[in-house]
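Asks: Provided below are the primary sequence and the corresponding predicted coordinates.
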Amino acid sequence: MSKGKRMALWIVSILLAGLFLFSGAPKLLTPGKVQPMFAHYGYAPWFATLIGIGEVLGAIGLLIRPLALLAAMGLSIIMVGAFFTHATHHELQNAMIPLVLVILLLAVGYGRYVETR
């Protein structure tokens, strides 16, 4: 892998890690504020905490090279769930962000896979 591709992979990984850290932290630190949003979609209140844990751990994992592929796969699963949640509630404009994030996460996962081979 060239130096430019490796640099781009790190930049995207850091940006995604920041996004998921800032997205997951409120779900853990102030669950009372996000639980009504999850309840609106039909999820149990504890599900917000579970997703927050996954997002924070995934953010950390994206920055640890041996864990990056696994973290990208786990966060992709969360984002596919977010996409379908928004799509089934007729919120297609909100469903596009998780879809773009899945594509970026798959690119990071693939890049880390190629890098470690």
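Replies: The structure has been received and is ready for your questions.

Asks: Show me what counts as buried in stretch 17-31.
Replies: Neighbour-count burial for stretch 17-31, counted by 16 or more other C-beta atoms under 10 Å, picks out 17, 19-21, 23-24, 27. To be clear about C-beta, it is placed using only N, CA and C from the backbone, and glycine gets the same treatment.

Asks: So which bits of the helix or strand bottoming out on mean pLDDT in the chain are buried?
Replies: The least trusted helix or strand in the chain, going by mean pLDDT, DSSP states H and E, turns out to be helix 31-40, with a mean of 88. Buried residues in helix 31-40, counted by 16+ other C-beta under 10 Å: 34-35, 38.

Asks: Tabulate those (CSV), appending distance to Gly81.
Replies: Output for the buried residues of helix 31-40, formatted as CSV (distance: C-beta to C-beta, whole Å):
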residue, distance to Gly81
Val34, 15
Gln35, 17
Phe38, 11
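
Asks: now the helices for this protein?
Replies: Assigned by DSSP state H, the helices in the chain fall at 3-29, 31-40, 45-62, 65-88, 92-116.

Asks: and Ala87, how far is that from Leu69?
Replies: 27 Å (C-beta to C-beta, to the nearest Å).

Asks: Then Arg117?
Replies: Taking C-beta to C-beta as the measure, Arg117 falls 11 Å from Leu69.

Asks: Name the residue in those two with the higher neighbour count.
Replies: Leu69 (20 against 6; other C-beta atoms under 10 Å).

Asks: Contacts only, for Gly61.
Replies: Neighbouring residues of Gly61 by C-beta atoms under 8 Å, 6 or more residues apart in numbering: 67-68, 70-71, 74.

Asks: ok, which pair from the residues you listed is furthest apart?
Replies: Taking C-beta to C-beta as the measure, the contacts of Gly61 span a maximum distance of 10.8 Å, between Ala68 and Gly74.
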